[in-house]
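Participant: What follows is a predicted protein model with its sequence.
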Amino acid sequence: MRLSRYFLPVLKESPRDATIVSHQYMLRAGMIKQSSAGIYSWLPLGFKVLKRIEQIVHEEQERAGHIAIQMPTIQSADLWRESGRYEAYGDEMLRIKDRNGNDLLFTPTAEELVTDIFRSHVASYKSLPMTLYQIQWKFRDERRPRFGVMRGREFYMKDGYTFDLTKEDAMHAYNRHLVSYLRTYERMGLQAIPMRAASGPIGGDDTHEFLVLADTGESEVFYDAAVTELSFGNREIDYDDVAQCADVMEEFTTKYARTDETHDPALFDAIPADRQRTARGIEVGQIFYFGTKYSDAMGATVQGPDGKPTAVHMGSHGIGVSRLLGAIIEASHDDKGIIWPEGVTPFHVGIVNLKQGDADADAACQSLYDAVAALGLEALYDDRDERAGSKFGTMDMIGLPWRITVGPRGLKNGVVELTSRKTGESEEMPPEQAIAKIGEIYRAQGLGRGKSS
Ligand SMILES: Nc1ncnc2c1ncn2[C@@H]1O[C@H](COP(=O)(O)OP(=O)(O)OP(=O)(O)O)[C@@H](O)[C@H]1O
Ligand SMILES: [Mg+2]
């Protein structure tokens, strides 16, 4: 993409109502525009990151054996009356009437609808286990929408629903989700710590929230510093292996880590004092096992091995896809702007031409641009006739992890400059070497084309 042809409405100043850095930077980098309280348009740069995050979520869900569907945003109130939640959900639910006076609502979550799909089509335990998930817009009429996409009213969420014959099977589904979430967040460059949580209006027995530590987080959290040393990394996992998933679950949830809702001071005090931590965190996901709550209420049964109808055990498992943009920025930025982790960056490389119109510089930029594309990666080429300082300022604000700077003086010596957004370090090298290095960095992340092509 050439910046001269892109739509990147960068702002010089932070709008006054943006109080936290991720909200400020998303506005300043031209990623989102508020349309009304807690409701946003996604401008090209923000939309690109949203899609990168969505793609990682899809890939990891599919890797875990989960099946993608898409349910409507507008639902009939009747199903929600069956579960008893139409009234119980309260003011957070946006209720709508159609021209015939039917009660509709904008989905805040989708347990009822997915349970209806399941009961209509699945009759035997032989179809289990089954996990159906979607990534879909949700609406919750939050009392205090704030912090940009972190607490919106309309927001994008991955919601997955598990159906199993027994509680034991459902707990494997729970563990499988925990493992897949660890992988998902790590691919986004995030550490998200599973913490024991209390169940909300969905109702549940076993539940963990995934929290990204950040001073601006809305949750107060208490944990053993040892949990921050855990990382899932590149280990092989067989998602059908019950013991293997249970081991990961144990490894990541045995050390003390709780939100204020479940905090137990006695257990906390038992941790060695030098490892006790109190901090704030951003909830980026949650897993729930809630048994037969909805299957009982809505008659979602399968024929068991004994031929008798049995209510299925269910769980629901969410990831805050749009909130993740805010969480990633809170975790990765400096005073100049965003620093995107390579896994989610909107463009993989920024190319800055220091002398637009200089034949050599223009040609070198164009050939770098083509070489990045040949790697299967995307470059944003700042080809505007602007001062260098302004070009650097824009690149720093939008946070691309790597920048190649091209100028007539360097080209005379056969070099361009490769700069890391994170460390600020620059290195001069021939253009081919810069491209080789970019290819290597992203290949290590599983991005771009492999060496062979
Ligand atoms: N208003 C919102 N704006 C953006 N993301 C949200 C919002 N509410 C929930 N999410 C995201 O969706 C995920 C799954 O939804 P869930 O039902 O668990 O939310 P929740 O526990 O009600 O969230 P919260 O406690 O933050 O209100 C959450 O972990 C969070 O990341
Ligand atoms: Mg939650």
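Facilitator: Sure thing, it's come through. Ligands and ions are numbered 1, 2, ... in the order given.

Participant: Quick check: beta-bridge partners of the residue of the stretch 51-200 of the chain at minimum distance from ligand 1?
Facilitator: Minimum separation of the stretch 51-200 of the chain from ligand 1 (CB to the nearest ligand atom) falls at Phe155, amounting to 3.5 Å. For glycine as for every other residue, the C-beta is placed from the backbone atoms N, C-alpha and C. Applying DSSP bridges to Phe155 yields these beta-bridge partners: Lys138.

Participant: pretty sure it contacts Gly148?
Facilitator: No: assessed by CB atoms under 8 Å, Phe155 is found out of contact with Gly148, at 10.6 Å.

Participant: the more surrounded of those two?
Facilitator: Gly148 (27 against 21; other CB atoms under 10 Å).

Participant: Distance of the more buried one relative to Ser420?
Facilitator: 27 Å (CB to CB, to the nearest Å).

Participant: so what's Leu94 closest to, chain neighbours aside?
Facilitator: Distance criterion CB to CB, 6 or more residues apart in numbering; nearest residue to Leu94, sequence neighbours excluded, is Phe106 at 4.3 Å.

Participant: just checking, what packs against the longest strand along the chain?
Facilitator: Of all the elements of type strand in the chain, the one with the most residues (DSSP state E) is strand 276-291. Strand 276-291 is packed against helix 167-187, strand 206-213, strand 219-224, strand 313-320, helix 321-331, with contacts defined by 3 or more CB pairs under 8 Å, 6 or more residues apart in numbering; DSSP states H and E.

Participant: what is the mean pLDDT for it?
Facilitator: Strand 276-291 shows an average pLDDT of 97 in the prediction.

Participant: Show me the strands paired with that strand, marking each as parallel or antiparallel.
Facilitator: If you go by DSSP bridges, strand 276-291 pairs up with strand 206-213 (antiparallel), strand 219-224 (antiparallel), strand 313-320 (antiparallel).

Participant: Helices along the chain, start to end?
Facilitator: Per DSSP state H, the chain carries helices over the ranges 21-28, 44-63, 77-83, 85-88, 111-121, 167-187, 242-253, 265-269, 293-298, 321-331, 359-374, 388-398, 408-412, 431-443.

Participant: which of those is buried the deepest?
Facilitator: helix 321-331 (a mean of 26; mean count of other CB atoms under 10 Å).

Participant: mind listing what Asn175 touches?
Facilitator: Contacts were defined as CB atoms under 8 Å, 6 or more residues apart in numbering; by that measure Asn175 touches Val242, Cys245, Ala246, Val248, Met249.

Participant: Kindly reformat those residues as a markdown table containing distance to Glu432 and pLDDT.
Facilitator: Formatted as a markdown table, these follow (distance: CB to CB, whole Å; pLDDT from 0 to 100):
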| residue | distance to Glu432 | pLDDT |
| --- | --- | --- |
| Val242 | 50 | 98 |
| Cys245 | 45 | 98 |
| Ala246 | 49 | 97 |
| Val248 | 42 | 98 |
| Met249 | 47 | 97 |
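
Participant: The residue of the chain found nearest ligand 1 pairs with what?
Facilitator: Closest approach between the chain and ligand 1, counting by CB to the nearest ligand atom: Gly320, at 2.1 Å. Under DSSP bridges, the beta-bridge partners of Gly320 are Met157.

Participant: Alright, that wraps it up for me.
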